[in-house]
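[1] Build me a model:
(chains A and B)
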Protein chains: 2
Amino acid sequence: MSYFDTASAAPLHPVARQALLAALDEGWADPGRLYREGRQARLLLDAARETAAEAVGCRPDELVFTPSGTRALHAGVAGAAAGRRRAGRRVVVSAVEHSAVLHAAEALGGEVATVGVDRTGRVDAADFASALTADTALAALQSANHEVGTLQPVAEVAEACRAAGVPLLVDAAQSLAWGPVEGAWSLLAASAHKWGGPPGVGLLVVRKGTRYAAQEPEDERESGRAPGFPNLPAVVAAAASLRAVHAEAAAEAARLSALVDRIRARVPEVVPDVEVVGHERLRLPHLVTFSCLYVDGEALLTGLDRVGFAVSSGSSCTSSTLTPSHVLKAMGVLSEGNVRVSLPRGTQEAEVERFLQVLPPVVAEVRAQLGAPAGGTAVAAGGGAGAPDEGLEGLVVDSLGKRCPIPVIELAKVIGEVPVGGLVTVLSDDEAARLDIPAWCGMRGQEYVGERAAPVGRAYVVRRQA
Amino acid sequence: MSYFDTASAAPLHPVARQALLAALDEGWADPGRLYREGRQARLLLDAARETAAEAVGCRPDELVFTPSGTRALHAGVAGAAAGRRRAGRRVVVSAVEHSAVLHAAEALGGEVATVGVDRTGRVDAADFASALTADTALAALQSANHEVGTLQPVAEVAEACRAAGVPLLVDAAQSLAWGPVEGAWSLLAASAHKWGGPPGVGLLVVRKGTRYAAQEPEDERESGRAPGFPNLPAVVAAAASLRAVHAEAAAEAARLSALVDRIRARVPEVVPDVEVVGHERLRLPHLVTFSCLYVDGEALLTGLDRVGFAVSSGSSCTSSTLTPSHVLKAMGVLSEGNVRVSLPRGTQEAEVERFLQVLPPVVAEVRAQLGAPAGGTAVAAGGGAGAPDEGLEGLVVDSLGKRCPIPVIELAKVIGEVPVGGLVTVLSDDEAARLDIPAWCGMRGQEYVGERAAPVGRAYVVRRQA
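    Presented below is the predicted three-dimensional model:
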């Protein structure tokens, strides 16, 4: 098996394992107690905090350990917003933040202003700056996107936030393995199991001078910012492995980045009708995402799993809510047949080569099973196409009740029947169609006219160009 | 070293260690993912949930894993109270609940009604029942007290709650190692590191039919009740060790209970001026607490640590806030020189015997250092006593600025100077004096007249009886 989903959870780093085992023996007692075992636990906790703070680039008393990255984000958003309640309740976030940030922001109950991204998934620092109003309590921006790997202009945005007097919370979950986050941010959150530490540990950093009012019930541990008995063996392992991955980061980043470049270049060569998404250059070293037309994401993951590759997907069919990833949506890129590859440390060239070999037949198999058009050529119409309906323009494809990627496949099948300049309307109640039909038009050189309400679902109108 | 503080944190059970190591290899991936590693993690998580649910006596879908017992209590109090918001905002708790329950209840912002306890630390079920008003959203009662080991009448209180239509949350942190909690409770919380599981895992059980509105930001994991990436290796270890400790519970309870009986009987024989607190019979098998007159709790812990015993204390000097334990306060018992002994599984008779041998010299040494009256006899007055002050009754002992146990020691030193039937007034601004001066009177056969405000601190008045 090749595990290529380190952005979900990195395999445990050997240093983390070793530190965890040692701390199970030495650090199980309550660090708040006065006896030998307690004092020893306290020393381990203090040392872990110093190690982590050094890796983050902050003071030890600015950093607390939380039970997860999610909890660090939840606490950070709530605590920083509460500390700024006098300014207002508005929160500014990028459209591609992790759901933990978006949900924490929504839970505040005030306005959540969203700053859009370009097709690479990157926010514009000037756009972000102009969203910072006088009543903005808090801004949040990830250091790098978790689905497409695009780096965000954190230092510039932090400057703008500082100028506006708004604290900036940085979700560093995806990038902290590669080094500290530059810039004058106010809060930072991260998650140990993303850098090879154990699960059960997050970091929350609140820089001195940042107003913060913890929203958890009173608790004496971790400066009142992370209630509960500390998960000390895991905290020790998390800190030790963060130091270890930082020591290896520069060399490993260069190595993995070359492998990612190879995937970015080769996938469109070996698989037809693929869109590689995310920024070519301003990106995480180990992560690449692409989407394949006419492909069911879940079938693709299952097919890749069968041949020994573990990857994840932002396609709607792989989500519990059957909606495509909000990141791909915000970028306006294809969501069907989406694959995120995130290479763990130590990934070998041969594994990537094998991936590039098995991918084409797996994609082809899924496409064949779905009756997708082959080789980029539109084929004869399927059963869904019919004569113009009342009030709908041109040829009508009724894809109601059908899930991604079927509506796009049915569109591709009938486009050849439409005269050049003529219209075809796809009726669909699948959320992914909204994203994937325009994306298909872009990829296939067709004109996307627009969408409108229909009695059931929505009507997507396309004009044949060639 | 003999570690006698399992009520703070139990040493890792061998089964927990073994399960943790296995799960580090097999259960590090995201259980929400579709590939092999993810499916394997999901199987481990499901199996752990079934094991834990069986041990608790609930359905697997009623149980979620939280990052700690504290977080389980916080979430349970907030979620259950929010689910009952239409009934009201009032919460009923016992006066001796864990601070995590009390702080979570205070954080709700409504009335927190406290049901008192007797001198053994036990609530009266009828008292509890009569506190359940129509606008009560939630009631909370521990299964057993964490400081003195007293068992609470949970089943009876649960019946009363059911009759009143109020959900009962049970903090089972201290008792779950010994078996399931009986009765028709609605919610239950517990903490793995109290039963020999790893830190980083709590349980929250919400029985079907209990209204519950999670107060955390939206998250798809753990039924939306415990956000964040699951701490799977620790969860697996927690469940496996809970099963293991339950299998050993009956035999170990009988064995440790006999050792606790021995401590309860022997400590007052070998140490003068000791009060053993908590219920003699309705108690946890492994826990006993006693308080020693004229002793500084921190010095006592340090002395015991030096001779190889790790215990904890509810004395004010061992608390960060310099106030005595709210549990001892609610019981109205002596707080100075307080020692909680909680025996871990496997404690040997010889360790307990050695404890009973080292305790008297350690107590005597602390008393000697403090110049405490020896052998229960009042000695000549120290420098603090003086002629009657204006407006103060009898002999006045000025203990302002002095911390527990000095005010009680100074009182004991002067009582011999007061004629029988005469008064002595102790001026003190130490919180512990409020509890310890009346307790001293009870133990020494003197009459406690009462307390009143003084220009600084409070005046405690005692009438000499003999």
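[2] C-alpha only now, for contacts and for neighbours.
    Fine.
[3] residues touching residue A:198, list them.
    Taking C-alpha atoms under 8 Å, 6 or more residues apart in numbering or on different chains, we find residue A:198 in contact with A:12, A:16, A:192, A:234, A:237-238, B:28.
[4] mind pulling up the phi and psi values for it?
    phi -80, psi 160 (degrees, to the nearest 10).
[5] so how far is residue A:60 from it?
    21 Å (C-alpha to C-alpha, to the nearest Å).
[6] Outline the domain layout of chain A.
    A:8-245, A:249-369, A:385-463 (automatic domain parsing).
[7] Of those, which is nearest residue B:300?
    domain A:8-245 (10.7 Å; C-alpha to C-alpha).
[8] from the middle of its chain, how far away would that closest one be?
    Here the centre of domain A:8-245 is set off from its chain's centre by 16 Å, with C-alpha atoms, centre = their mean, to the nearest Å.
[9] thinking again about what came up before, as TSV, the contacts of residue A:198 with secondary structure and pLDDT would be great.
    Formatted as TSV, those follow (DSSP: H, G, I helix; E, B strand; the rest coil; pLDDT from 0 to 100):
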residue	secondary structure	pLDDT
A:12	coil	94
A:16	helix	97
A:192	helix	98
A:234	helix	97
A:237	helix	98
A:238	helix	98
B:28	coil	90
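[10] Give me the buried stretch members for stretch A:258-273, please.
    A:259-261, A:263-264, A:267-268, A:271-273 (16 or more other C-alpha atoms under 10 Å in any protein chain shown).
[11] typo on my end, stretch A:296-313
    Quick answer for stretch A:296-313 (16+ other C-alpha under 10 Å): A:296-305, A:307-313.
[12] same deal with stretch A:415-435?
    Neighbour count says stretch A:415-435 has A:415-418, A:423-435 buried, by 16+ other C-alpha under 10 Å.
[13] Stretch A:129-143 now?
    Under the neighbour-count rule (16+ other C-alpha under 10 Å), stretch A:129-143 has A:129, A:131-133, A:136-143 buried.
[14] Which of those fall in strands?
    A:136-142 (DSSP state E).
[15] what's the pLDDT at residue A:317?
    Model confidence at residue A:317, given as pLDDT, is 80.
[16] Sorry, slip of the keys, the one I care about is residue A:20.
    For residue A:20, pLDDT reads 96.
[17] That one: neighbour count?
    25 (other C-alpha atoms under 10 Å in any protein chain shown).
[18] My read is that it contacts residue A:239, right?
    No. Using C-alpha atoms under 8 Å, residue A:20 is not in contact with residue A:239, being 10.3 Å away.
[19] Just grab the bridge partners of the closest residue to residue A:138 other than its chain neighbours for me.
    Nearest non-adjacent residue to residue A:138, counting by C-alpha to C-alpha, 6 or more residues apart in numbering or on different chains: residue A:91, 5.0 Å away. With DSSP bridges applied, residue A:91 shows beta-bridge pairing to residue A:112, residue A:138.
[20] Quickly note the distance from residue A:91 to residue A:115.
    11 Å.
[21] With residue A:369 instead?
    Distance from residue A:369 to residue A:115, by C-alpha to C-alpha: 39 Å.
[22] The two: which is more packed in?
    Higher neighbour count among residue A:369 and residue A:115: residue A:115, with 20 against 12, using other C-alpha under 10 Å.
[23] Which pLDDT value belongs to the more buried one?
    For residue A:115, pLDDT reads 98.
[24] Ok, residue A:374 next?
    66.
[25] Can I get the domains of chain A in CSV including distance to residue B:98?
    Below are the domains of chain A laid out as CSV (distance: least, C-alpha to C-alpha, whole Å):
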stretch, distance to residue B:98
domain A:8-245, 11
domain A:249-369, 38
domain A:385-463, 48
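[26] so which of these gets nearest residue B:359?
    So among the domains of chain A, domain A:8-245 is nearest, using C-alpha to C-alpha, at 15.5 Å.
[27] Below-threshold pLDDT in the stretch 151-300 of chain A: ranges please.
    Along the stretch 151-300 of chain A, no part satisfies pLDDT under 70.
[28] Which positions in it make contact with chain B?
    A:198-200, A:216-219, A:227-233 (C-alpha under 8 Å from any C-alpha of the partner chain).
[29] Apply 6 Å and report the result again.
    A:199-200, A:217-218, A:228, A:231 (C-alpha under 6 Å from any C-alpha of the partner chain).
[30] mind giving me a markdown table with those residues and columns for distance to residue A:360 and neighbour count?
    What follows is those, written out as a markdown table (distance: C-alpha to C-alpha, whole Å; neighbours: other C-alpha atoms under 10 Å in any protein chain shown):
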| residue | distance to residue A:360 | neighbour count |
| --- | --- | --- |
| A:199 | 34 | 32 |
| A:200 | 38 | 32 |
| A:217 | 53 | 23 |
| A:218 | 56 | 19 |
| A:228 | 49 | 26 |
| A:231 | 44 | 25 |
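[31] Max pairwise distance over these: which two?
    A:199 and A:218 (24.8 Å).
[32] that older thread, format the ones in strands among the buried residues of stretch A:129-143 as a markdown table; extra columns: distance to residue B:320 and pLDDT.
    Formatted as a markdown table, those follow (distance: C-alpha to C-alpha, whole Å; pLDDT from 0 to 100):
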| residue | distance to residue B:320 | pLDDT |
| --- | --- | --- |
| A:136 | 37 | 98 |
| A:137 | 33 | 98 |
| A:138 | 33 | 98 |
| A:139 | 35 | 98 |
| A:140 | 35 | 98 |
| A:141 | 37 | 98 |
| A:142 | 37 | 98 |
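[33] ok, of the residues you listed, which one's closest to residue A:247?
    Nearest member of these to residue A:247, counting by C-alpha to C-alpha, is residue A:142, at 23.0 Å.
[34] Tell me the spatial nearest neighbour of that closest one, not counting adjacent residues.
    Using C-alpha to C-alpha, 6+ apart, the closest residue to residue A:142 is residue A:171 (4.3 Å).
[35] so the one you found makes contact with residue A:140?
    No. The criterion here is C-alpha atoms under 6 Å, and residue A:171 misses it with residue A:140 at 7.4 Å.
[36] What distance do you get for residue A:83 to residue A:113?
    19 Å.
[37] meant to ask about residue A:146
    Residue A:146 is 20 Å from residue A:113, by C-alpha to C-alpha.
[38] Which of those two has more residues huddled nearby?
    residue A:146 (23 against 18).
[39] ok, the more buried one - contacts?
    residue A:174 (C-alpha atoms under 6 Å, 6 or more residues apart in numbering or on different chains).
[40] Packed most tightly, which of the domains of chain A would that be?
    domain A:8-245 (a mean of 22; mean count of other C-alpha atoms under 10 Å in any protein chain shown).
[41] Who are the contact partners of the closest residue to residue A:115 other than its chain neighbours?
    Excluding the flanking residues, the one nearest residue A:115 by C-alpha to C-alpha, 6+ apart is residue A:94, at 4.6 Å. Listed by C-alpha under 6 Å, 6+ apart, the contact set of residue A:94 reads A:114-115, A:141.
[42] can you redo those residues as CSV with distance to residue B:361?
    Output for those, formatted as CSV (distance: C-alpha to C-alpha, whole Å):
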residue, distance to residue B:361
A:114, 68
A:115, 70
A:141, 61
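[43] Pick the one among those residues closest to residue B:251.
    Looking across these and measuring by C-alpha to C-alpha, the closest to residue B:251 is residue A:141, at 55.9 Å.
[44] excluding its backbone neighbours, what's nearest residue A:162?
    Using C-alpha to C-alpha, 6+ apart, the nearest residue to residue A:162 is residue A:184, at 7.6 Å.
[45] in a helix, that's where that neighbour is, yeah?
    No. Residue A:184 is assigned coil when assessed by DSSP: H, G, I helix; E, B strand; the rest coil, not a helix.
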